[in-house]
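Enquirer: okay, structure incoming, though there's no sequence with it:
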Ligand code: GTP
Ligand code: MG
């Protein structure tokens, strides 16, 4: 299930502009700064295929990466970062909901959640919306290498993941698959690629 070939294809600002050749695609979704672009780079074993930044809001378009000439990894703009929160949030919602509901090639949404901090309300909103709309998805917990000192009530990644799963459980008929990852140590890379390979060939 390893990636031998990865190529940036295009950036799109609307679903209608996305590539139309029908390859199955897997979309990385999550809060700004959660590590979507870093995960792309970790999966394809390149430092800079997807542009990353310490500042949230780096990715602004739908970016398609063609993998092994047979499927797409899609890097989406992050949610939850805004100078004018309401307006941008509404825009993000319209844009990505259109993508989730109308993109026929979409096989599975990979919802990234930062495991180094307690889940934010907007993560819970996104997870419950996907569950209620029965969009096929998996949880990908990021930054599992970060283990803050246990003072000030900080929790370990495992504890944050446990809390999050309790909060969203009721919105899913079945608990979606979940994978712990780190783009620093490449934890979870093989597991995630195996998961994608299995879904792609069902
Ligand atoms: P937007 O494009 O703004 O939506 O952000 P993004 O989700 O693509 O995040 P990006 O990959 O640009 O990473 C944001 C920051 O988090 C960068 O400073 C990364 O180095 C850091 N980061 C990403 N993944 C990890 C991880 O697994 N562990 C650690 N420690 N830091 C990470
Ligand atoms: Mg990004």
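Expert: Thanks, I have it. Please read all numbers here as calculations on a predicted model, not as lab measurements. Ligands and ions are numbered 1, 2, ... in the order given.
Enquirer: going by neighbour count, which residues in stretch 38-55 are buried?
Expert: Neighbour counts over stretch 38-55 (16 or more other CB atoms under 10 Å) mark 38, 39, 40, 41, 42, 43, 44, 49, 50, 52 as buried. For glycine as for every other residue, the C-beta is placed from the backbone atoms N, C-alpha and C.
Enquirer: which of those residues fall in helices?
Expert: Using DSSP state H, the subset of the buried residues of stretch 38-55 located in helices is 38, 39, 40, 41, 42, 43, 44.
Enquirer: re the thing from before, out of the buried residues of stretch 38-55, which touch ligand 1?
Expert: Checked against ligand 1 using CB under 6 Å from any ligand atom, these yield the following neighbours: 38, 52.
Enquirer: of the buried residues of stretch 38-55, closest to residue 150?
Expert: Nearest to residue 150 among these is residue 38, at 25.3 Å by CB to CB.
Enquirer: what's the nearest residue to that closest one if we skip its chain neighbours?
Expert: Of all residues not flanking residue 38 in the chain, residue 183 sits nearest, at 3.9 Å (CB to CB, 6 or more residues apart in numbering).
Enquirer: in the chain, which helix or strand is least confident?
Expert: helix 85-102 (a mean of 74; mean pLDDT, DSSP states H and E).
Enquirer: now render the ones in helices among the buried residues of stretch 38-55 as TSV, adding pLDDT.
Expert: Below are these laid out as TSV (pLDDT from 0 to 100):
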residue	pLDDT
38	94
39	95
40	92
41	93
42	95
43	95
44	93
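Enquirer: ranges for the strands of the protein?
Expert: For the chain, the strands defined by DSSP state E occupy 6-12, 25-30, 62-67, 71-75, 106-114, 137-142, 178-180.
Enquirer: got phi/psi on the residue nearest to residue 38?
Expert: Here is the backbone geometry of residue 183 (degrees, to the nearest 10): phi -80, psi -10.
Enquirer: hmm, residue 142 and it touching each other?
Expert: Yes. Judged on CB atoms under 8 Å, residue 183 makes contact with residue 142 at a distance of 7.0 Å.
Enquirer: now the common contact residues for the two.
Expert: 35, 38, 39 (CB atoms under 8 Å, 6 or more residues apart in numbering).
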